[in-house]
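J.: I would like the atomic coordinates for the input below:
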Amino acid sequence: MKVRIHELAAKEQLDAVTWNNQLQHGLGKRFQEMVVLQVDKIRKNPKWFPRESKEIFKVYIPKFPYKILYSVEEESIIIWAIAHMHRKPWYWQSRMGDVGD
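T.: Reported below is the predicted structural model:
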């Protein structure tokens, strides 16, 4: 199944890599590796993970305070946010309906 990532979710991911590298050299790379691992798990079994809401699934990123929020369409998975868990909940909700690659 194809995975598409909203452009703002992609920016969140890059920002988190940068931030983690500022905290500790190499930490951003570990964050990126965990994201890739979790996205691969989503691709293999997208409906296995818990739901954030009726249409949104969530996957936690191990060892980091982030989660991946996504929906499952007929032919694709759309990642809406790579959200820091201490941000305002649902800040990303307005993105739905504006899918970027």
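J.: name the residue closest to the centre of this structure, please.
T.: Centroid-nearest residue in the chain, with Cα atoms, centre = their mean: residue 68, separated by 2.7 Å.
J.: what average pLDDT does the one helix or strand it maps to get?
T.: Assessed by DSSP states H and E, residue 68 sits inside strand 66-72. Across strand 66-72, the average pLDDT comes to 96.
J.: helices or strands up against it?
T.: helix 27-44, strand 57-61, strand 76-84 (3 or more Cβ pairs under 8 Å, 6 or more residues apart in numbering; DSSP states H and E). Bear in mind the C-beta positions are built from the backbone N, C-alpha and C, glycine included.
J.: in CSV: the ones you listed, plus mean pLDDT, mean neighbour count and distance to residue 13.
T.: Compiled in CSV, the helices and strands packed on strand 66-72 are given as follows (pLDDT from 0 to 100; neighbours: other Cβ atoms under 10 Å; distance: least, Cβ to Cβ, whole Å):
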stretch, mean pLDDT, mean neighbour count, distance to residue 13
helix 27-44, 96, 15, 6
strand 57-61, 96, 18, 10
strand 76-84, 94, 22, 5
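J.: about what we covered before: what pairs with the strand holding residue 68, parallel or antiparallel?
T.: strand 57-61 (antiparallel), strand 76-84 (antiparallel) (DSSP bridges).
J.: let me know the outermost residue of this protein.
T.: When distances are taken from the C-alpha mean of the chain, residue 25 lies farthest, 22.2 Å away, according to Cα atoms, centre = their mean.
J.: quick check: phi and psi on that one?
T.: When quoted as degrees, to the nearest 10, the phi and psi of residue 25 stand at phi -60, psi 130.
J.: residue 10 now?
T.: With angles defined as degrees, to the nearest 10, residue 10 shows backbone torsions of phi -60, psi -40.
J.: so what's the residue count around it?
T.: Neighbourhood size, residue 10 [other Cβ atoms under 10 Å]: 14.
J.: and the gap between residue 46 and residue 1?
T.: When distances are taken as Cβ to Cβ, to the nearest Å, residue 46 and residue 1 turn out to be 7 Å apart.
J.: please identify which of those two sits among more neighbours.
T.: Set residue 46 next to residue 1 and count neighbours by other Cβ under 10 Å: residue 46 wins out with 18 against 13.
J.: many thanks, have a good one.
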